[in-house]
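1. Okay, predicted coordinates and the sequence, questions at the end:
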Amino acid sequence: MSEPQVRNENTGPMEEFVTVMIAGQLFGLPISRVQDVFMLKDMTEVPLAIPEIAGVLNLRGRIITAIDMRERLGLPPREDDEPAMAVGIEMDRESFGLVIDRIGDVLHLPINDFDANPVNLDPRWKSVAQSIFMLDDQLLVLLDVDRVLELGDREVAA
């Protein structure tokens, strides 16, 4: 993935985001929430789980609930054979892996340049986006990790 170009005329407070690519769209996760990045393998399906739950896996002795971000964001399933990756995060002492297509760069973004979610942003994206950021050549959707883990009225539990 080519490094996104950040317009940076601002010298105010900055925040760091790990960028991820999902179905050709660039998303950002606060670096403070990212525990690790790993390749998905040996994942076990969970019978009767909601569609957003891709399965569970054992990662270095921890049980990880994998959340299919394509399903969560209403995007089409992957059609290639490339191995999927996951971004490891924790919430309330539970471990989760957000299933993504590719990991990108860490960007240092000026907080004052964040924009509110536009009215035409897909409702499923709007429900999990904290804001957006215009890069020189593309839109970066900044995700709210806590809202990503809220699946309707059902919170994810491993």
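-> Okay, I see it. Numbering: from 1, shown residues only.

2. now the helices for this structure?
-> For the chain, helices defined by DSSP state H occupy the ranges 69-72, 123-126, 145-148.

3. between those helices, which gets nearest to residue 17?
-> Among the helices of the chain, helix 145-148 comes nearest to residue 17, with 11.1 Å by Cβ to Cβ. For every residue, glycine as well, the C-beta is placed using N, CA and C.

4. what's the spacing between the residue nearest to residue 53 when sequence neighbours are not counted and residue 23?
-> Nearest residue to residue 53, sequence neighbours excluded (Cβ to Cβ, 6 or more residues apart in numbering): residue 46, at 5.6 Å. For residue 46, the distance to residue 23 equals 23 Å [Cβ to Cβ, to the nearest Å].

5. And residue 144, by the same measure?
-> Here residue 144 is placed at a distance of 19 Å from residue 23 (Cβ to Cβ).

6. now residue 102
-> Using Cβ to Cβ, residue 102 is found at 11 Å from residue 23.

7. Also residue 54?
-> Per Cβ to Cβ, residue 54 is found 15 Å from residue 23.

8. per-residue pLDDT, residue 150?
-> Per-residue confidence (pLDDT) for residue 150: 89.

9. these two touch, right, residue 83 and residue 40?
-> Yes. At 6.5 Å, residue 83 counts as touching residue 40 under the criterion of Cβ atoms under 8 Å.

10. ok so, going back, out of residue 54 and residue 23, which sits in the more crowded spot?
-> Taking other Cβ atoms under 10 Å, residue 54 and residue 23 do not tie; residue 54 has more neighbours (24 against 15).

11. pretty sure the more buried one contacts residue 69?
-> No. Under the criterion of Cβ under 8 Å, residue 54 makes no contact with residue 69, lying 9.1 Å away.

12. where do the contact lists of the two overlap?
-> Taking Cβ atoms under 8 Å, 6 or more residues apart in numbering as the criterion, residue 54 and residue 69 both touch residue 99.
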